[in-house]
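Any chance you could fold what I've pasted below:
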Amino acid sequence: MGWLFLPIKRNGCFFAFMFALGFLCIYFEVPSKLCPYPFGWQELFLDLYIVCAVIAIFPKAIRRFLRFIVSIVMYATTIADVFCFVNFNKYFDTSALRLIKEATKQETQEFINNYITIDLFTTLLGQVFILLALHIIWGSIMTGIDEKKKGKHNMGLSIMDERLETIGKAVNPIFGLGVLGVLVIALWNTADNKKLMASTLAEKNWTYVATLSEKAKANLYLPIYRVLFSFYSTDYAYKEYKSKQKQARKQLAQTELKEVTVDSCTFKSRNIILIIGGSYNKHHSQLFGYNKTTTPKQAKFYDTGYVVTLTDALASTDETGEAIKSLFTVKTNQQEQQDAFAVFPQYFKKAGYHITYLSNRQGDEEGCDFLSNNSLFDTRNSSTHPLDEGLLADYDTLKSQNTDKQLTIIHLMGQQKEYSKRYPSNRQFYHQKDYQHLNISDAQRTAMAHYDNATRYNDSVVACVMSRVYYDDAIVIYVPDHGELVAADSTAANGDITAQKAKELYEVPAWVWCSEKYAKEHPDIFKQLWMKRKTPLMTDALAHTLLYLAGIQTPDYKPELDFLNGQYNEKRPRLLEGKQDYDKLIAQP
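Below you'll find the model as predicted:
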């Protein structure tokens, strides 16, 4: 039985310190509301024994190298994980990894100044560093002893060494028997968790893993497992996203825009501007009741009485490509899809409108290949910009080509993806400290500050567009592609649609602004807007309202989908992702 003890004997120092490191994490690194893993020490013993058994196969020189590499990885992942625990009361996860990837130099410097202080060494992280120092010291001592033993072996063993070797041979079977007992108990108690860990790491549907109940999830009881899984899940989520994006592009590339029929056009509204925002959470808009001044310029326009907020507007999906497609197509996302479809610019162009398309998302419009069709537009910008205000210069440049029957579509980056890159560094209005009252982590407070700053910057860009047609006979419609889960945990976007998720991801801050001249020239439309401002609507039917505003007569226009029409169907089920009825979901207790 002595051979069972051999892996530990050959890697004694390594086994002891790795066990101590794991023990610290299992029983002292426990976020509030969680309990230590009851079989933690047993599974730790089992895992370390397997590692030592593998290392023990190799010659002594290679064993030293392998122990060195494994030790570096274990201490590095533990330091990262314990740092998150000490500062944020949570383990290292995908949200932490995402923040690391997206952090700017300034944010990194601020983070270091705020969180890496001498006080850290009085916490559990300090104990980890003490253990690391002891490991280095003890390893150096043992290396020296081994060198001395090697010299003694060359001269022959002393009587004391021979006695110790004899005792070792006698007790090794006893130790081996003890190891066997612990391994059997560990295997018995931790087999289920091992199966769950294997299935979790093998699972190719991260959404499914994220929504498992706590009992069905594996206990990633060591920092190394938590960090590795964070990298794995982030990498897989990215690959899954790119795969879906490629599939969507391929599918749309195979579709064709069908021929459209326009019977007549009255050019009711001669200057229509549609502004499409990006990832705009309605509950972060001052215009819709948010308690921070994120839309001060829009609020000033609202105070003039010519901004009509559409208080019950929804996006049909939270996938950008599908959301943009639903905005442009004359069908709704709930109607049967055909190989060929029509988009509203086709009708406008056939009716005689001059169409300008300004996009800061070119090359990143996720499957909306029809937007690359230059025949849809008369003029368009040739390149994107780091910030959305670059589109204002494009607007000014191309405005000279406008006609007296004008449709302008402005597609902003908005608050999409990396919030900190959606506004200039000198326009930082909110900071982490402004969200101290919220029961969220500091990393989430930072993300929320960036988002609100991006929203405030977005407000200034939109206001500049409105100012450019302030004295014209113009109407501006603002609608985002979808909402956003601001500062949410990385798993929050996965799984079933809850009432809270519906409010964050699908409710959008849509509004219409009429210039004073437009309101006077079209009092009927202005009155309709005010009367219909609380009407439940979905942005996938917006094309029908645009056709009405232009006065375009076509067989494809459906009055029951135009919220300004008296025949509008307010009872139409508003399905999120084509399956979840929003109104029924919100009505649930």
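
for the stretch 451-589 of the chain, what spans make up the strands?
475-480, 510-514, 537-538, 552-553, 575-576, 580-581 (DSSP state E, counting those that start in this stretch).

how big is the angle separating the second one from strand 475-480?
What it means is strand 510-514. 170 degrees (axes from the mean of the first three to the mean of the last three C-alpha atoms, to 10 degrees).

Using CSV, write out the CA atom coordinates for strand 510-514.
Output of strand 510-514 as CSV, limited to C-alpha atoms (Å, rounded to 0.1, in the frame of the first residue of the first chain):
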residue,chain,number,x,y,z
ALA,A,510,-39.4,56.6,-28.1
TRP,A,511,-40.7,60.1,-28.8
VAL,A,512,-41.7,62.5,-31.6
TRP,A,513,-40.7,66.1,-32.0
CYS,A,514,-42.6,68.5,-34.2
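
list the helices and strands it packs on?
Counting contacts by 3 or more C-beta pairs under 8 Å, 6 or more residues apart in numbering; DSSP states H and E, strand 510-514 is packed against strand 307-310, strand 475-480, helix 523-531. Every C-beta, even on glycine, is put in place using the N, C-alpha and C of the backbone.

Pipe those into a markdown table and attach mean neighbour count, mean pLDDT and distance to Q500 per row.
Listed next are the helices and strands packed on strand 510-514 as a markdown table, based on neighbours: other C-beta atoms under 10 Å; pLDDT from 0 to 100; distance: least, C-beta to C-beta, whole Å:
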| stretch | mean neighbour count | mean pLDDT | distance to Q500 |
| --- | --- | --- | --- |
| strand 307-310 | 21 | 97 | 21 |
| strand 475-480 | 24 | 97 | 18 |
| helix 523-531 | 15 | 96 | 30 |
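
Would you convert those into JSON lines that also reports distance to D396?
What follows is the helices and strands packed on strand 510-514, written out as JSON lines (distance: least, C-beta to C-beta, whole Å):
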{"stretch": "strand 307-310", "distance to D396": "23"}
{"stretch": "strand 475-480", "distance to D396": "16"}
{"stretch": "helix 523-531", "distance to D396": "27"}
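
Out of the ones you listed, flag the one nearest Q42.
The closest of the helices and strands packed on strand 510-514 to Q42 is strand 475-480. By C-beta to C-beta, the value is 51.7 Å.

got the CA positions of that closest one in CSV?
Extracted C-alpha coordinates of strand 475-480, given in CSV (Å, rounded to 0.1, in the frame of the first residue of the first chain):
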residue,chain,number,x,y,z
ILE,A,475,-40.8,66.1,-37.8
VAL,A,476,-38.2,64.0,-35.9
ILE,A,477,-38.9,60.5,-34.7
TYR,A,478,-36.5,59.0,-32.1
VAL,A,479,-36.6,55.3,-31.4
PRO,A,480,-33.8,53.0,-30.1
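
Pretty sure L391 sits against C464.
No - using C-beta atoms under 8 Å as the test, L391 is too far from C464 to be in contact (9.5 Å).

who has more neighbours, those two?
L391 (23 against 15; other C-beta atoms under 10 Å).

Shouldn't N193 be within a helix?
Yes - the assignment for N193 by DSSP: H, G, I helix; E, B strand; the rest coil puts it in a helix.

Find the nearest non-adjacent residue to it, please.
N219 (5.3 Å; C-beta to C-beta, 6 or more residues apart in numbering).

For that neighbour, the count of nearby residues, please.
18.

K194 is in contact with that one, correct?
No - shown here, N219 and K194 do not form a contact pair, counting by C-beta under 8 Å, at 10.0 Å.

could I get the strands of the stretch 451-589 of the chain as TSV with distance to L412?
Listed next are those as TSV, based on distance: least, C-beta to C-beta, whole Å:
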stretch	distance to L412
strand 475-480	9
strand 510-514	14
strand 537-538	21
strand 552-553	25
strand 575-576	23
strand 580-581	27
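
Compare those and give me the one nearest T379.
Nearest to T379, of all these, is strand 475-480, at 18.5 Å by C-beta to C-beta.

to the chain's geometric centre, what's the distance from that closest one?
26 Å (C-alpha atoms, centre = their mean, to the nearest Å).

How about stretch 290-308?
Worked out by C-alpha atoms, centre = their mean, stretch 290-308 lies 29 Å from the chain centre.

Contacts for that stretch next, please.
283-287, 309, 430, 434, 452, 455-456, 459-460, 462-463, 466, 511-516, 519, 529-530, 533 (C-beta atoms under 8 Å, 6 or more residues apart in numbering).

Quote the end-to-end distance of that stretch.
17 Å (C-alpha to C-alpha, to the nearest Å).

Which segments of the protein make up each domain?
Domain assignment for the chain, taken from automatic domain parsing, gives 2-192, 264-587.

ranking those by mean pLDDT, which is last?
With a mean of 82, domain 2-192 has the lowest mean pLDDT of these.

picking that back up, selection in PyMOL covering whichever of the contacts of stretch 290-308 are buried, please.
To isolate the buried ones among those in PyMOL, judged by 16 or more other C-beta atoms under 10 Å, type:
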select buried, resi 284+285+286+287+309+430+452+455+456+459+460+462+463+466+511+512+513+514+515+519+529+533
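
W511 reaches I475, doesn't it?
No - assessed by C-beta under 8 Å, W511 is found out of contact with I475, at 11.4 Å.

nearest to S359, of the helices and strands packed on strand 510-514?
strand 475-480 (14.6 Å).

Looks to me like A61 is in a strand.
No - counting by three-state DSSP, A61 is not part of a strand but helix.

tally of neighbours for it?
8.

mind checking how far it is from R456?
As judged by C-beta to C-beta, to the nearest Å, A61 and R456 stand 61 Å apart.

How about T117?
Taking C-beta to C-beta, one finds T117 at 31 Å from R456.

Excluding covalently adjacent residues, which one is nearest to T78?
Per C-beta to C-beta, 6+ apart, closest to T78 is P223, 4.5 Å.

The one you found contacts C25, doesn't it?
Yes - judged on C-beta under 8 Å, P223 makes contact with C25 at a distance of 5.8 Å.

shared neighbours, those two?
Contacts common to P223 and C25, judged by C-beta under 8 Å, 6+ apart, are 78, 81-82.

Select from these every entry located in strands.
Among those, no member falls in strands (criterion: DSSP state E).
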